[in-house]
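Visitor: Sequence unavailable; structure follows:
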């Protein structure tokens, strides 16, 4: 038997990769395991934004408001970075396991997300 004959009936590694079922295929996103922590963090940021509204309503000094705007912005950026990391670890890694065009699409998607974050 030749090596060609031996491998003729066996699925290729590419075929096997498409048969892999992951959490991502089940609709579970990368942030799923940290969901409650993320919601808590977003509620805290929401509180900061409400605080900004209250400061404006109470005619607080401009620089004090700008300080709080900066803190709120940093909090959102930090949240975005955490979400991006989870996307890379989960969604992009899932696509890498499967290979093919899917990995290229996920890398492009992540790159575009990073570009949007850098513009802000």
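Guide: The structure has been received and is ready for your questions. Given the structure is predicted, the values throughout are model-derived calculations rather than measurements. Numbering: from 1, shown residues only.

Visitor: which helix in this structure runs the most residues?
Guide: Longest helix of the chain, by residue count under DSSP state H: helix 62-87.

Visitor: packing partners for the helix or strand containing residue 39?
Guide: For residue 39, the host element (DSSP states H and E) is helix 35-57. Applying 3 or more Cβ pairs under 8 Å, 6 or more residues apart in numbering; DSSP states H and E, one finds that helix 35-57 contacts helix 62-87. Every C-beta, even on glycine, is put in place using the N, C-alpha and C of the backbone.

Visitor: per-residue confidence averaged over the helix it packs on?
Guide: Computed over helix 62-87, the mean pLDDT rounds to 95.

Visitor: Would you confirm that residue 105 contacts residue 98?
Guide: No. Counting by Cβ atoms under 8 Å, residue 98 is not a contact partner of residue 105; they are 10.8 Å apart.

Visitor: Compare those two and say which is more crowded by neighbours.
Guide: Set side by side, residue 105 and residue 98 show unequal neighbour counts under other Cβ atoms under 10 Å, the larger going to residue 98 at 18 against 12.

Visitor: Thanks a lot, catch you later.
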